[in-house]
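>>> Give me the fold of what follows.
(one chain, ligands or ions: 1)
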Amino acid sequence: MTVEYERRGPVAVVTMNRPEYRNAQNSAMTYALDAAFARAVDDPEVKVIVLAGAGKHFSAGHDIGTPERDVDVSFDRKAVLWWDHVGAEGGDQRFARESEVYLGMCRRWREIPKPTIASVQGACIAGALMLAWVCDMIVASDDAFFADPVVRMGIPGVEYFAHPWVLGPRAAKEVLFTGERFTAQQAKEWGMLNRVVPRADLETETMALAEKIAVMPRMGLALAKKAVNQAEDLMGLRSGMDSVFGLHHFAHAHNAEVSGGDSLGGQDARSMRDANRTS
Ligand code: ZN
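Here you go, the predicted structure:
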């Protein structure tokens, strides 16, 4: 299974399960995550949802190069009311697909009416930041590292552009301009993480936090979550993200226009990894 689902008392644990590809997110995974979250929302016994990654790493981001990359596959769309990207051309194809599986899915998950906690170890890169950020809280192990290196592709950050809100403007610029990895401790100092714990304690610390929350009433939790999310949106999160999604797609289109249709600016999973190693 691409995504594992397990209920432990009042806590649903949703685990990305492509450890051989550092849990790179193909569309099969995003739709499996969506199904797992829907299941947790519908189960009245579930009070809190934990999102985890199997293996050494939380996630290396979007799948831009595994054998199961599935950008040309149709799925039963859930997140936005738009036509299928399959068979569309150019910007039409990219906008339709990314509106659904990246920005739309992430927004849908941010609005899950139950508290969510990301449990992060190892790599949490680019598209993986999106998954961690849509969760209400993030517990990271001390070996976790983060980066959004997509400026190297000429693109101003990943599709779910929460950077200025979760990092603050200056840290957001440093992260984007350098593309460098930052540590869990650094992320904690910037206010992006709730807890940094030893790697061996990650699961128990995440579950302890989830169980503490799980004794609160469901409705109170849902309304408190909505209240904070609404406040974040009043601080410009949602409309800011919409405006940056336009810049993001301008960048993809520019790349495609100047380099024979390649919207990633001549980069692939290997070149991005190599650049990240030496930085
Ligand atoms: Zn994109």
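>>> What score does Gly265 have for pLDDT?
Predicted confidence (pLDDT) for Gly265: 87.
>>> Select the longest helix from this protein.
Using DSSP state H, we find that the single longest helix of the chain is helix 237-258.
>>> same for that one, what does it pack against?
The contact analysis (3 or more Cβ pairs under 8 Å, 6 or more residues apart in numbering; DSSP states H and E) places helix 237-258 against helix 90-98, helix 163-167. (C-beta placed from N, C-alpha, C; glycine too.)
>>> what's in contact with the very next helix or strand once past that helix?
Counting by DSSP states H and E, the next helix or strand C-terminal to helix 237-258 is helix 269-278. Outside helix 269-278, the residues that touch it by Cβ atoms under 8 Å, 6 or more residues apart in numbering are 24, 60, 64-66, 125, 147, 149, 152-153, 179, 181, 267.
>>> Now do the phi/psi pair for Asp76.
Phi and psi for Asp76, reported as degrees, to the nearest 10, are phi -80, psi 100.
>>> Next, count neighbours for Thr268.
In this structure residue 268 is Asp, not Thr. Residues contacting Asp268 under the criterion other Cβ atoms under 10 Å number 12.
>>> Skipping its backbone neighbours, what lies nearest it in space?
Computed as Cβ to Cβ, 6 or more residues apart in numbering, the closest residue to Asp268 that is not its neighbour in sequence is Gly65, at 5.5 Å.
>>> The one you found touches Leu264, doesn't it?
No - between Gly65 and Leu264 there is no contact under Cβ atoms under 8 Å: 10.0 Å.
>>> Out of the helices and strands packed on helix 237-258, indicate the one that is most buried.
Most buried of those, by mean neighbour count (mean count of other Cβ atoms under 10 Å): helix 163-167, with a mean of 21.
>>> just checking, what packs against that helix?
helix 169-178, helix 237-258.
>>> repeat that for 10 Å
Helices and strands touching helix 163-167, as assessed by 3 or more Cβ pairs under 10 Å, 6 or more residues apart in numbering; DSSP states H and E, comprise helix 127-134, helix 169-178, helix 218-234, helix 237-258.
>>> Just the buried residues of the second one, please?
Going back to what we said before, that points to helix 169-178. 171-172, 174-176 (16 or more other Cβ atoms under 10 Å).
>>> got a list of what Asn23 touches?
Counting by Cβ atoms under 10 Å, 6 or more residues apart in numbering, Asn23 makes contact with 2-3, 15-17, 29, 52-61, 63, 122-124, 128, 131.
>>> Tell me which residues touch the residue nearest to Asp268, please.
Contacts here follow Cβ under 10 Å, 6+ apart; on that basis Gly65 touches 21, 24, 268-273.
>>> Likewise for Gly246?
By Cβ under 10 Å, 6+ apart, the neighbours of Gly246 are Phe95.
>>> One more pass at 6 Å, please.
Under the criterion of Cβ atoms under 6 Å, 6 or more residues apart in numbering, the contact list for Gly246 is empty.
>>> Show the backbone phi and psi for the closest residue to Leu264 other than its chain neighbours.
For Leu264, ignoring the flanking residues on the chain, the nearest one in space by Cβ to Cβ, 6+ apart is Met153 at 5.1 Å. Note on Met153: its backbone torsions stand at phi -90, psi 0 [degrees, to the nearest 10].
>>> does Met153 really touch Ser263, like I thought?
No - taking Cβ atoms under 6 Å as the definition, Met153 is not a contact partner of Ser263, at 8.5 Å.
>>> Turn the buried residues of helix 169-178 into TSV, columns for pLDDT.
Listed next are the buried residues of helix 169-178 as TSV, based on pLDDT from 0 to 100:
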residue	pLDDT
Ala171	98
Ala172	98
Glu174	98
Val175	98
Leu176	98
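>>> out of those, what pair is the most spread apart?
Greatest spatial distance among the buried residues of helix 169-178 (Cβ to Cβ): Ala171 and Leu176, at 9.6 Å.
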